[in-house]
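Asks: Here is my input; please provide its structure:
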Amino acid sequence: MPSLIDIRRRIRSVKNTQQITKAMKMVSAAKLRRAQDRVIAARPYARQMREMLANLVDAAASDERAAESPWLVRREPRRIDLIFITSDKGLAGAFNSNLIKASQRFFAEHEKAEITLTLVGRKGRDYYKRRYGKILAEHVNILGRPTYEDAAKIAYEVIRRYREVETDAVYILNNEFKSVMAQKLNVQRLLPVEDEDRQREQPQGEYIYEQSPLDMLERLMPRYVEVAIFRAMLETVAAEHAARMTAMDKASTNAKDVIDTLTLNMNRIRQAAITKEIIEVVSGAAAAE
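Replies: Model prediction:
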């Protein structure tokens, strides 16, 4: 049975840990509010950009030069570029492990394709550095406060590879922020543009193009990829802070339970020691009589 000193030392250690987890929860809560505001501001622009590109692809497809455009040609996805976004730090529950499992499923679903990775975030980089994987680029320590310039740097190489037919498709894998308690794994094909928006029964609106749709597509497609990557980075940052806040809250609750259990055991040991001393005093008094 541990001594009172050992139990007190362990209670003190758990209380120190609890203070750290509470502080981390408060920091993540403050960062989450700012990250959530940025996500909410970015979502409408990214959604409208995606819808406009889908309509632009339709309009450009009727151009006589469409067969020469790399943005309109559909190829069998034998070579795939995957932009994989994780966090730079841990202590966020199952946030990164769920992303890594999703990336493994992506590899299994496209086992016949050659997949090249663009890794954003230290956790994903460290995982695939230790394992087999064809890595195109690494971007770490940029998710503290991601900027559009960071997204443009990430997008530059994958856009070049797709334009020069070095890859057949570009996907992005990240965690999407839903609420403090829930994050959604998001696997999205960036290139070629999916036709889900064009299959709606009632389109949102019609566009009249003063310039050639194909020329506009050539200028806007890189911007569309940059915006999509920037939004995915913002979503990941917000989801990471939400996951860490939830994990630290659970850790603080667990620490409280451990402290209560240790305190109860300590009181029992103290009570047993006091009872033993009383019995010894009474026994000694009785023997003296």
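
Asks: element containing Leu173, please.
Replies: Counting by DSSP states H and E, the element that carries Leu173 is strand 169-177.

Asks: Keeping just the C-alphas, turn that strand into CSV.
Replies: Provided in CSV are the C-alpha atoms of strand 169-177 (Å, rounded to 0.1, in the frame of the first residue of the first chain):
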residue,chain,number,x,y,z
ALA,A,169,-6.2,14.2,-61.0
VAL,A,170,-5.8,16.4,-57.8
TYR,A,171,-7.5,15.6,-54.6
ILE,A,172,-7.4,17.2,-51.2
LEU,A,173,-7.9,15.5,-47.8
ASN,A,174,-8.6,17.4,-44.6
ASN,A,175,-10.8,17.8,-41.6
GLU,A,176,-13.8,20.1,-42.1
PHE,A,177,-15.1,22.1,-39.1
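
Asks: could you say what helices and strands that strand packs with?
Replies: When contacts are defined as 3 or more Cβ pairs under 8 Å, 6 or more residues apart in numbering; DSSP states H and E, strand 169-177 sits against helix 4-61, strand 79-85, helix 95-109, strand 183-191, helix 213-288. From N, CA and C alone the C-beta is placed, and that goes for glycine too.

Asks: ok, now with 6 Å
Replies: Other elements packing on strand 169-177 under the criterion 3 or more Cβ pairs under 6 Å, 6 or more residues apart in numbering; DSSP states H and E are strand 79-85, strand 183-191, helix 213-288.

Asks: Give me the contact list for the second one.
Replies: Which is strand 183-191. 102, 162, 170-176, 178, 225, 228, 239 (Cβ atoms under 6 Å, 6 or more residues apart in numbering).

Asks: rerun that using 8 Å as the cut-off
Replies: Residues outside strand 183-191 that contact it (Cβ atoms under 8 Å, 6 or more residues apart in numbering) are 71, 83, 95, 98-99, 102, 106, 158, 162, 169-178, 221, 224-225, 228-229, 232, 235, 239, 242-243.

Asks: Count the neighbours of Leu117 for me.
Replies: When neighbours are defined as other Cβ atoms under 10 Å, Leu117 has 22 of them.

Asks: and the contacts of strand 183-191, which are buried?
Replies: 71, 83, 95, 99, 102, 106, 158, 162, 169-177, 221, 224-225, 228-229, 232, 235, 239, 242-243 (16 or more other Cβ atoms under 10 Å).

Asks: Can you give me the domain assignment for the chain?
Replies: Split into domains by automatic domain parsing, the chain comes to 4-21+247-288, 24-246.

Asks: Put together a markdown table for those domains, with mean pLDDT on each row.
Replies: Below are the domains of the chain laid out as a markdown table (pLDDT from 0 to 100):
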| stretch | mean pLDDT |
| --- | --- |
| domain 4-21+247-288 | 88 |
| domain 24-246 | 87 |
